[in-house]
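S.K.: the amino acid sequence is not available; the structure is as follows:
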(Lines give C-alpha, C1' and ligand atoms only; values in the text may rest on other atoms or scores of the structure.)
Protein backbone atom coordinates (compact mmCIF):
# COMPACT_ATOMS: atom_id res chain seq x y z
CA UNK A 1 0.00 0.00 0.00
CA UNK A 2 1.20 3.51 -0.87
CA UNK A 3 1.04 6.35 1.65
CA UNK A 4 -0.34 8.63 -1.06
CA UNK A 5 -1.58 8.13 -4.61
CA UNK A 6 -1.91 11.12 -6.90
CA UNK A 7 -3.91 10.77 -10.12
CA UNK A 8 -2.81 13.38 -12.66
CA UNK A 9 0.79 14.40 -13.34
CA UNK A 10 0.01 17.98 -14.30
CA UNK A 11 1.22 21.01 -12.33
CA UNK A 12 -1.06 20.33 -9.34
CA UNK A 13 -0.28 16.61 -9.16
CA UNK A 14 3.47 17.07 -9.52
CA UNK A 15 3.51 19.81 -6.89
CA UNK A 16 1.49 17.72 -4.43
CA UNK A 17 3.66 14.66 -4.98
CA UNK A 18 6.81 16.72 -4.35
CA UNK A 19 5.33 18.21 -1.17
CA UNK A 20 4.27 14.82 0.20
CA UNK A 21 7.64 13.26 -0.61
CA UNK A 22 9.43 16.09 1.20
CA UNK A 23 7.48 15.12 4.31
CA UNK A 24 8.75 11.56 4.06
CA UNK A 25 5.69 9.95 2.49
CA UNK A 26 5.81 7.22 -0.13
CA UNK A 27 4.09 8.62 -3.23
CA UNK A 28 2.74 7.02 -6.40
CA UNK A 29 1.91 9.46 -9.20
CA UNK A 30 -0.27 8.08 -12.01
CA UNK A 31 -1.06 9.68 -15.38
CA UNK A 32 -2.56 8.38 -18.60
CA UNK A 33 -0.31 10.49 -20.85
CA UNK A 34 3.17 9.54 -22.03
CA UNK A 35 4.78 12.65 -20.49
CA UNK A 36 4.30 14.41 -17.16
CA UNK A 37 3.12 18.02 -17.18
CA UNK A 38 -0.49 17.90 -18.34
CA UNK A 39 -1.70 21.12 -19.96
CA UNK A 40 1.40 22.83 -18.64
CA UNK A 41 3.36 21.22 -21.50
CA UNK A 42 1.72 23.37 -24.16
CA UNK A 43 2.13 26.75 -22.46
CA UNK A 44 4.55 29.33 -23.84
CA UNK A 45 3.85 33.03 -23.40
CA UNK A 46 5.43 36.33 -22.41
CA UNK A 47 4.35 37.70 -19.05
CA UNK A 48 3.65 41.40 -18.33
CA UNK A 49 7.11 41.84 -16.77
CA UNK A 50 8.82 40.63 -19.96
CA UNK A 51 9.80 37.18 -18.69
CA UNK A 52 8.70 34.01 -20.46
CA UNK A 53 6.62 31.20 -19.04
CA UNK A 54 7.80 27.97 -20.69
CA UNK A 55 5.58 25.05 -19.78
CA UNK A 56 7.96 22.38 -21.08
CA UNK A 57 10.78 23.64 -18.87
CA UNK A 58 8.49 24.00 -15.85
CA UNK A 59 7.19 20.44 -16.37
CA UNK A 60 10.72 19.07 -16.64
CA UNK A 61 11.77 20.94 -13.50
CA UNK A 62 8.85 19.62 -11.44
CA UNK A 63 9.24 16.09 -12.80
CA UNK A 64 12.94 16.01 -11.92
CA UNK A 65 12.21 17.27 -8.39
CA UNK A 66 9.66 14.49 -7.94
CA UNK A 67 12.08 11.83 -9.19
CA UNK A 68 14.90 13.13 -6.98
CA UNK A 69 12.60 12.87 -3.95
CA UNK A 70 11.73 9.25 -4.70
CA UNK A 71 8.24 9.73 -6.17
CA UNK A 72 7.27 6.74 -8.32
CA UNK A 73 5.84 8.16 -11.56
CA UNK A 74 3.64 5.73 -13.51
CA UNK A 75 2.83 7.10 -16.99
CA UNK A 76 0.68 5.62 -19.80
CA UNK A 77 -1.65 4.37 -17.08
CA UNK A 78 -5.35 5.26 -17.38
CA UNK A 79 -7.46 4.89 -14.23
CA UNK A 80 -10.89 3.44 -14.96
CA UNK A 81 -12.42 2.94 -11.50
CA UNK A 82 -12.16 3.90 -7.82
CA UNK A 83 -13.64 2.17 -4.80
CA UNK A 84 -13.64 2.92 -1.08
CA UNK A 85 -13.72 0.22 1.57
CA UNK A 86 -13.72 1.58 5.13
CA UNK A 87 -10.66 3.90 5.23
CA UNK A 88 -8.94 2.57 2.09
CA UNK A 89 -9.17 3.69 -1.53
CA UNK A 90 -8.66 1.13 -4.30
CA UNK A 91 -7.56 2.40 -7.71
CA UNK A 92 -8.05 0.22 -10.78
CA UNK A 93 -5.80 0.58 -13.84
CA UNK A 94 -5.22 -1.62 -16.87
CA UNK A 95 -1.86 -2.74 -15.47
CA UNK A 96 -2.68 -3.44 -11.82
CA UNK A 97 -4.68 -2.44 -8.75
CA UNK A 98 -3.33 0.05 -6.20
CA UNK A 99 -4.50 1.04 -2.73
CA UNK A 100 -3.98 3.94 -0.33
CA UNK A 101 -5.57 5.80 2.56
CA UNK A 102 -4.91 9.17 0.92
CA UNK A 103 -5.93 9.79 -2.70
CA UNK A 104 -5.52 13.09 -4.57
CA UNK A 105 -7.40 13.76 -7.78
CA UNK A 106 -5.54 16.28 -9.94
CA UNK A 107 -7.19 15.34 -13.22
CA UNK A 108 -7.23 18.85 -14.69
CA UNK A 109 -9.60 20.09 -17.37
CA UNK A 110 -10.96 19.23 -20.79
CA UNK A 111 -12.05 21.42 -23.69
CA UNK A 112 -15.69 22.13 -24.42
CA UNK A 113 -16.65 21.44 -28.05
CA UNK A 114 -18.60 24.00 -30.07
CA UNK A 115 -20.44 22.45 -33.04
CA UNK A 116 -19.95 24.32 -36.31
CA UNK A 117 -21.24 23.09 -39.69
CA UNK A 118 -18.28 21.37 -41.36
CA UNK A 119 -16.41 20.63 -38.14
CA UNK A 120 -15.87 16.96 -39.11
CA UNK A 121 -13.52 17.93 -41.97
CA UNK A 122 -9.84 16.99 -41.62
CA UNK A 123 -8.02 20.09 -40.39
CA UNK A 124 -10.57 21.05 -37.72
CA UNK A 125 -9.27 20.68 -34.17
CA UNK A 126 -9.59 22.11 -30.70
CA UNK A 127 -7.44 25.12 -29.92
CA UNK A 128 -5.66 23.07 -27.26
CA UNK A 129 -4.73 20.44 -29.83
CA UNK A 130 -3.14 23.13 -31.99
CA UNK A 131 -1.22 24.37 -28.94
CA UNK A 132 0.15 20.90 -28.17
CA UNK A 133 1.07 20.24 -31.80
CA UNK A 134 2.93 23.55 -32.02
CA UNK A 135 4.56 23.93 -28.61
CA UNK A 136 5.09 20.31 -27.57
CA UNK A 137 5.59 18.34 -30.78
CA UNK A 138 6.89 21.27 -32.86
CA UNK A 139 4.52 20.43 -35.72
CA UNK A 140 2.50 23.14 -37.43
CA UNK A 141 -1.24 22.39 -37.51
CA UNK A 142 -1.30 24.20 -40.85
CA UNK A 143 -0.05 27.31 -42.59
CA UNK A 144 -3.11 29.57 -42.23
CA UNK A 145 -5.83 29.12 -39.67
CA UNK A 146 -9.00 30.62 -38.22
CA UNK A 147 -9.87 30.35 -34.53
CA UNK A 148 -13.60 30.06 -33.77
CA UNK A 149 -14.26 31.33 -30.25
CA UNK A 150 -12.81 34.43 -28.59
CA UNK A 151 -11.79 33.95 -24.96
CA UNK A 152 -8.74 34.21 -22.74
CA UNK A 153 -7.50 30.74 -23.75
CA UNK A 154 -7.87 31.23 -27.50
CA UNK A 155 -6.28 34.70 -27.38
CA UNK A 156 -3.17 33.42 -25.61
CA UNK A 157 -2.87 30.35 -27.87
CA UNK A 158 -3.28 32.57 -30.94
CA UNK A 159 -0.25 34.56 -29.78
CA UNK A 160 1.69 31.30 -29.36
CA UNK A 161 0.80 30.23 -32.91
CA UNK A 162 2.09 33.58 -34.18
CA UNK A 163 5.39 32.95 -32.37
CA UNK A 164 5.66 29.74 -34.40
CA UNK A 165 5.23 31.84 -37.58
CA UNK A 166 1.78 30.42 -38.27
CA UNK A 167 -0.62 32.80 -40.01
CA UNK A 168 -3.75 33.23 -37.90
CA UNK A 169 -6.25 34.87 -40.24
CA UNK A 170 -8.76 35.78 -37.52
CA UNK A 171 -10.24 35.11 -34.13
CA UNK A 172 -13.97 35.18 -34.63
CA UNK A 173 -17.23 34.23 -32.93
CA UNK A 174 -19.20 31.02 -33.31
CA UNK A 175 -22.72 31.29 -34.70
CA UNK A 176 -25.32 32.04 -32.04
CA UNK A 177 -27.40 29.01 -31.05
CA UNK A 178 -28.60 27.24 -27.91
CA UNK A 179 -25.14 25.81 -27.22
CA UNK A 180 -22.95 28.85 -27.88
CA UNK A 181 -25.07 31.50 -26.04
CA UNK A 182 -22.59 33.82 -24.25
CA UNK A 183 -19.68 32.83 -26.52
CA UNK A 184 -21.54 34.26 -29.53
CA UNK A 185 -22.64 37.58 -28.00
CA UNK A 186 -20.16 40.39 -28.74
CA UNK A 187 -20.66 42.37 -25.52
CA UNK A 188 -20.10 39.38 -23.24
CA UNK A 189 -17.11 38.25 -25.28
CA UNK A 190 -15.60 41.73 -25.09
CA UNK A 191 -15.87 41.68 -21.31
CA UNK A 192 -13.89 38.42 -21.27
CA UNK A 193 -11.31 39.65 -23.77
CA UNK A 194 -10.59 42.82 -21.80
CA UNK A 195 -8.94 40.67 -19.15
CA UNK A 196 -6.13 39.68 -21.54
CA UNK A 197 -5.84 42.98 -23.43
CA UNK A 198 -3.01 44.06 -21.12
CA UNK A 199 -0.91 41.29 -22.69
CA UNK A 200 -1.29 42.72 -26.20
CA UNK A 201 1.85 44.22 -27.78
CA UNK A 202 -0.10 47.32 -28.87
CA UNK A 203 0.05 50.26 -26.45
CA UNK A 204 -3.17 51.57 -28.04
CA UNK A 205 -5.05 48.38 -27.19
CA UNK A 206 -3.67 48.29 -23.65
CA UNK A 207 -4.71 51.90 -23.07
CA UNK A 208 -8.08 51.44 -24.76
CA UNK A 209 -8.92 48.41 -22.65
CA UNK A 210 -8.56 50.49 -19.48
CA UNK A 211 -11.25 52.87 -20.77
CA UNK A 212 -13.78 50.07 -21.39
CA UNK A 213 -14.90 49.70 -17.78
CA UNK A 214 -18.52 50.83 -17.81
CA UNK A 215 -21.40 49.06 -19.54
CA UNK A 216 -22.01 52.21 -21.57
CA UNK A 217 -18.45 52.25 -22.93
CA UNK A 218 -18.64 48.54 -23.71
CA UNK A 219 -21.91 49.01 -25.58
CA UNK A 220 -20.46 51.93 -27.55
CA UNK A 221 -17.38 49.84 -28.26
CA UNK A 222 -19.54 47.04 -29.70
CA UNK A 223 -21.81 49.37 -31.70
CA UNK A 224 -18.84 51.11 -33.36
CA UNK A 225 -16.54 48.10 -33.55
CA UNK A 226 -14.75 48.27 -36.94
CA UNK A 227 -15.83 45.76 -39.57
CA UNK A 228 -12.21 44.73 -40.14
CA UNK A 229 -11.71 44.19 -36.39
CA UNK A 230 -8.91 45.31 -34.11
CA UNK A 231 -5.62 43.48 -34.14
CA UNK A 232 -3.76 41.82 -31.27
CA UNK A 233 -0.38 40.31 -32.11
CA UNK A 234 -1.23 41.17 -35.72
CA UNK A 235 -4.34 38.96 -35.59
CA UNK A 236 -7.77 40.46 -36.44
CA UNK A 237 -10.18 40.06 -33.52
CA UNK A 238 -13.60 39.83 -35.18
CA UNK A 239 -16.15 40.63 -32.48
CA UNK A 240 -18.85 41.47 -35.03
CA UNK A 241 -18.49 38.42 -37.27
CA UNK A 242 -19.24 34.74 -36.71
CA UNK A 243 -18.39 31.54 -38.55
CA UNK A 244 -21.50 30.04 -40.12
CA UNK A 245 -19.74 27.20 -41.97
CA UNK A 246 -16.38 25.47 -42.38
CA UNK A 247 -16.04 24.33 -45.98
CA UNK A 248 -13.78 22.12 -48.06
CA UNK A 249 -13.81 19.06 -50.32
CA UNK A 250 -11.65 16.50 -48.52
CA UNK A 251 -10.11 18.87 -45.97
CA UNK A 252 -10.52 22.40 -44.67
CA UNK A 253 -10.30 25.01 -47.41
CA UNK A 254 -11.88 27.99 -45.66
CA UNK A 255 -14.68 29.38 -43.53
CA UNK A 256 -17.77 31.44 -44.28
CA UNK A 257 -18.27 34.46 -42.04
CA UNK A 258 -21.31 36.67 -41.53
CA UNK A 259 -21.64 39.98 -39.75
CA UNK A 260 -23.61 39.96 -36.49
CA UNK A 261 -25.62 42.48 -34.53
CA UNK A 262 -24.57 43.46 -30.98
CA UNK A 263 -26.81 40.69 -29.63
CA UNK A 264 -25.09 38.08 -31.81
CA UNK A 265 -27.84 37.62 -34.40
CA UNK A 266 -26.67 37.09 -37.99
CA UNK A 267 -27.19 39.99 -40.45
CA UNK A 268 -28.55 38.39 -43.65
CA UNK A 269 -26.62 39.01 -46.86
CA UNK A 270 -23.27 39.75 -45.18
CA UNK A 271 -21.60 36.38 -45.82
CA UNK A 272 -17.97 36.31 -46.94
CA UNK A 273 -15.26 33.66 -47.18
CA UNK A 274 -11.76 33.40 -45.72
CA UNK A 275 -9.36 30.80 -47.08
CA UNK A 276 -7.44 28.67 -44.57
CA UNK A 277 -6.12 25.14 -44.21
CA UNK A 278 -7.00 24.57 -40.55
CA UNK A 279 -9.62 25.71 -38.06
CA UNK A 280 -9.36 25.75 -34.26
CA UNK A 281 -12.50 25.60 -32.15
CA UNK A 282 -12.21 27.28 -28.76
CA UNK A 283 -15.18 26.49 -26.55
CA UNK A 284 -13.38 27.01 -23.26
CA UNK A 285 -12.46 24.52 -20.52
CA UNK A 286 -14.39 22.57 -17.91
CA UNK A 287 -13.16 20.61 -14.84
CA UNK A 288 -12.45 16.95 -15.57
CA UNK A 289 -14.39 15.35 -12.73
CA UNK A 290 -15.40 11.85 -13.83
CA UNK A 291 -13.25 10.08 -11.22
CA UNK A 292 -14.56 12.33 -8.46
CA UNK A 293 -18.08 11.40 -9.56
CA UNK A 294 -17.21 7.68 -9.53
CA UNK A 295 -15.82 8.15 -6.02
CA UNK A 296 -19.16 9.56 -4.88
CA UNK A 297 -18.19 13.19 -4.33
CA UNK A 298 -20.98 15.76 -3.96
CA UNK A 299 -20.89 18.41 -6.71
CA UNK A 300 -22.06 21.96 -7.31
CA UNK A 301 -22.55 23.78 -10.59
CA UNK A 302 -20.53 26.99 -10.34
CA UNK A 303 -20.25 28.72 -13.72
CA UNK A 304 -17.45 31.01 -12.52
CA UNK A 305 -15.30 27.90 -11.93
CA UNK A 306 -16.08 26.33 -15.29
CA UNK A 307 -18.92 23.93 -14.51
CA UNK A 308 -19.60 21.17 -11.98
CA UNK A 309 -16.95 21.16 -9.25
CA UNK A 310 -16.52 18.62 -6.40
CA UNK A 311 -17.26 20.05 -2.96
CA UNK A 312 -13.98 20.91 -1.21
CA UNK A 313 -12.43 23.30 1.31
CA UNK A 314 -9.38 25.57 1.02
CA UNK A 315 -7.18 22.77 2.35
CA UNK A 316 -8.15 20.73 -0.74
CA UNK A 317 -10.13 18.16 1.29
CA UNK A 318 -13.35 16.82 -0.19
CA UNK A 319 -16.44 15.64 1.68
CA UNK A 320 -15.08 12.07 1.53
CA UNK A 321 -12.44 10.99 4.05
CA UNK A 322 -9.03 10.50 2.47
CA UNK A 323 -9.99 12.07 -0.87
CA UNK A 324 -8.45 15.37 -1.98
CA UNK A 325 -8.57 17.56 -5.09
CA UNK A 326 -6.24 20.19 -6.57
CA UNK A 327 -5.78 22.08 -9.82
CA UNK A 328 -8.38 22.62 -12.53
CA UNK A 329 -10.69 19.97 -11.12
CA UNK A 330 -11.47 22.61 -8.46
CA UNK A 331 -12.10 25.37 -11.04
CA UNK A 332 -10.43 26.60 -14.21
CA UNK A 333 -7.38 28.73 -13.37
CA UNK A 334 -3.73 29.07 -14.32
CA UNK A 335 -0.95 26.49 -13.93
CA UNK A 336 0.71 28.67 -11.30
CA UNK A 337 -2.37 28.49 -9.09
CA UNK A 338 -2.54 24.72 -9.68
CA UNK A 339 1.05 24.39 -8.47
CA UNK A 340 0.24 26.30 -5.29
CA UNK A 341 -2.92 24.25 -4.73
CA UNK A 342 -0.83 21.09 -5.10
CA UNK A 343 1.41 22.33 -2.31
CA UNK A 344 -1.62 22.93 -0.07
CA UNK A 345 -2.99 19.47 -0.84
CA UNK A 346 0.38 17.85 -0.16
CA UNK A 347 0.73 19.53 3.23
CA UNK A 348 -2.86 18.64 4.17
CA UNK A 349 -2.30 15.01 3.21
CA UNK A 350 0.95 14.85 5.17
CA UNK A 351 -0.74 16.34 8.26
CA UNK A 352 -3.65 13.87 7.98
CA UNK A 353 -1.13 11.07 7.60
CA UNK A 354 0.37 11.99 10.97
CA UNK A 355 3.18 14.44 10.18
CA UNK A 356 3.21 17.07 12.95
CA UNK A 357 3.98 20.78 12.90
CA UNK A 358 2.57 21.64 9.45
CA UNK A 359 -0.15 24.09 10.53
CA UNK A 360 1.86 27.25 9.82
CA UNK A 361 3.22 25.95 6.52
CA UNK A 362 -0.31 25.02 5.41
CA UNK A 363 -1.66 28.46 6.26
CA UNK A 364 1.19 30.07 4.34
CA UNK A 365 0.52 27.82 1.35
CA UNK A 366 -3.19 28.73 1.36
CA UNK A 367 -2.22 32.42 1.48
CA UNK A 368 0.18 31.83 -1.41
CA UNK A 369 -2.72 30.56 -3.54
CA UNK A 370 -4.52 33.87 -2.95
CA UNK A 371 -1.41 35.90 -3.76
CA UNK A 372 -0.82 33.97 -6.96
CA UNK A 373 -4.46 34.46 -7.94
CA UNK A 374 -3.96 38.21 -7.53
CA UNK A 375 -0.83 38.23 -9.67
CA UNK A 376 -1.57 35.91 -12.62
CA UNK A 377 -1.59 37.63 -16.05
CA UNK A 378 -5.21 36.63 -16.78
CA UNK A 379 -8.13 34.63 -15.44
CA UNK A 380 -10.22 32.29 -17.58
CA UNK A 381 -13.26 33.76 -15.84
CA UNK A 382 -13.00 37.29 -14.40
CA UNK A 383 -15.43 36.31 -11.62
CA UNK A 384 -13.41 33.32 -10.39
CA UNK A 385 -13.14 34.82 -6.89
CA UNK A 386 -16.92 34.88 -6.64
CA UNK A 387 -16.92 31.22 -7.65
CA UNK A 388 -14.43 30.40 -4.90
CA UNK A 389 -16.59 32.26 -2.38
CA UNK A 390 -19.63 30.23 -3.45
CA UNK A 391 -17.66 27.01 -2.91
CA UNK A 392 -16.59 28.21 0.55
CA UNK A 393 -20.22 28.90 1.47
CA UNK A 394 -21.31 25.50 0.15
CA UNK A 395 -18.61 23.79 2.24
CA UNK A 396 -19.67 25.64 5.39
CA UNK A 397 -23.30 24.77 4.72
CA UNK A 398 -22.35 21.11 4.24
CA UNK A 399 -20.44 21.05 7.54
CA UNK A 400 -23.40 22.53 9.41
CA UNK A 401 -25.85 20.04 7.90
CA UNK A 402 -23.52 17.13 8.63
CA UNK A 403 -23.43 17.92 12.36
CA UNK A 404 -27.19 18.37 12.74
CA UNK A 405 -28.95 15.70 14.79
CA UNK A 406 -32.08 14.26 13.13
CA UNK A 407 -35.30 15.19 14.90
CA UNK A 408 -37.25 12.22 16.22
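M.R.: Nice, thanks for sending it over. None of these values were measured; they are calculated from a predicted model.
S.K.: which non-adjacent residue is nearest residue 328?
M.R.: Distance criterion C-beta to C-beta, 6 or more residues apart in numbering; nearest residue to residue 328, sequence neighbours excluded, is residue 109 at 3.9 Å. (C-beta placed from N, C-alpha, C; glycine too.)
S.K.: tell me where the stretch 51-200 of the chain has helices.
M.R.: 55-68, 127-131, 152-163, 186-193 (DSSP state H, counting those that start in this stretch).
S.K.: what is the third one packed up against?
M.R.: What it means is helix 152-163. Here helix 152-163 touches strand 44-46, helix 127-131, strand 144-148, strand 167-174, helix 186-193, strand 230-232, strand 235-247, going by 3 or more C-beta pairs under 8 Å, 6 or more residues apart in numbering; DSSP states H and E.
S.K.: out of the ones you listed, which comes closest to residue 5?
M.R.: helix 127-131 (26.4 Å; C-beta to C-beta).
S.K.: give me the residues contacting the closest one.
M.R.: 39, 42-43, 111, 141, 145, 147, 149, 153-154, 157, 160-161, 278, 280-282 (C-beta atoms under 8 Å, 6 or more residues apart in numbering).
S.K.: at 10 Å instead, please
M.R.: With C-beta atoms under 10 Å, 6 or more residues apart in numbering as the test, helix 127-131 has contacts from 39, 41-44, 55, 109-111, 125, 139-142, 145, 147-149, 151, 153-158, 160-161, 164, 166, 168, 171, 278-285.
S.K.: thinking again about what came up before, export the helices of the stretch 51-200 of the chain to CSV and tack on mean pLDDT, mean neighbour count and distance to residue 244?
M.R.: CSV is the format used below for the helices of the stretch 51-200 of the chain (pLDDT from 0 to 100; neighbours: other C-beta atoms under 10 Å; distance: least, C-beta to C-beta, whole Å):
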stretch, mean pLDDT, mean neighbour count, distance to residue 244
helix 55-68, 95, 17, 34
helix 127-131, 94, 24, 19
helix 152-163, 88, 22, 18
helix 186-193, 71, 20, 16
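S.K.: any chance of those helices in CSV, plus distance to residue 21?
M.R.: Output for these, formatted as CSV (distance: least, C-beta to C-beta, whole Å):
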stretch, distance to residue 21
helix 55-68, 7
helix 127-131, 30
helix 152-163, 32
helix 186-193, 38
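S.K.: what about the ones you listed, which gets the closest to residue 237?
M.R.: Comparing the helices of the stretch 51-200 of the chain against residue 237 with C-beta to C-beta, the closest turns out to be helix 186-193 (7.1 Å).
S.K.: picking that back up, so the residue nearest to residue 328 touches residue 327, yeah?
M.R.: Yes. Checked against C-beta atoms under 10 Å, the pair residue 109 and residue 327 is within contact range at 8.2 Å.
S.K.: before we move on, back to that, right, and the helices of the stretch 51-200 of the chain - which one's nearest residue 295?
M.R.: Ranking the helices of the stretch 51-200 of the chain by proximity to residue 295 (C-beta to C-beta) places helix 55-68 first, at 23.8 Å.
S.K.: who are the packing partners of that closest one?
M.R.: helix 11-22, strand 27-30, strand 44-46, strand 72-74, helix 335-353 (3 or more C-beta pairs under 10 Å, 6 or more residues apart in numbering; DSSP states H and E).
S.K.: hey, which of those is tucked in deepest?
M.R.: helix 11-22 (a mean of 29; mean count of other C-beta atoms under 10 Å).
S.K.: re earlier: nearest to residue 253, of the helices of the stretch 51-200 of the chain?
M.R.: helix 127-131 (17.6 Å).
S.K.: from the recorded domain assignment, give the ranges for the protein.
M.R.: 4-110+286-403, 113-283 (automatic domain parsing).
S.K.: next, count neighbours for the residue nearest to residue 328.
M.R.: Using other C-beta atoms under 10 Å, residue 109 has 26 other residues around it.
S.K.: state the distance from it to residue 338.
M.R.: 10 Å (C-beta to C-beta, to the nearest Å).
S.K.: tell me, what's touching those two both at once?
M.R.: Residues touching both residue 109 and residue 338 by C-beta under 10 Å, 6+ apart: 10, 38, 39, 327, 328, 329.
S.K.: alright, I will stop here.
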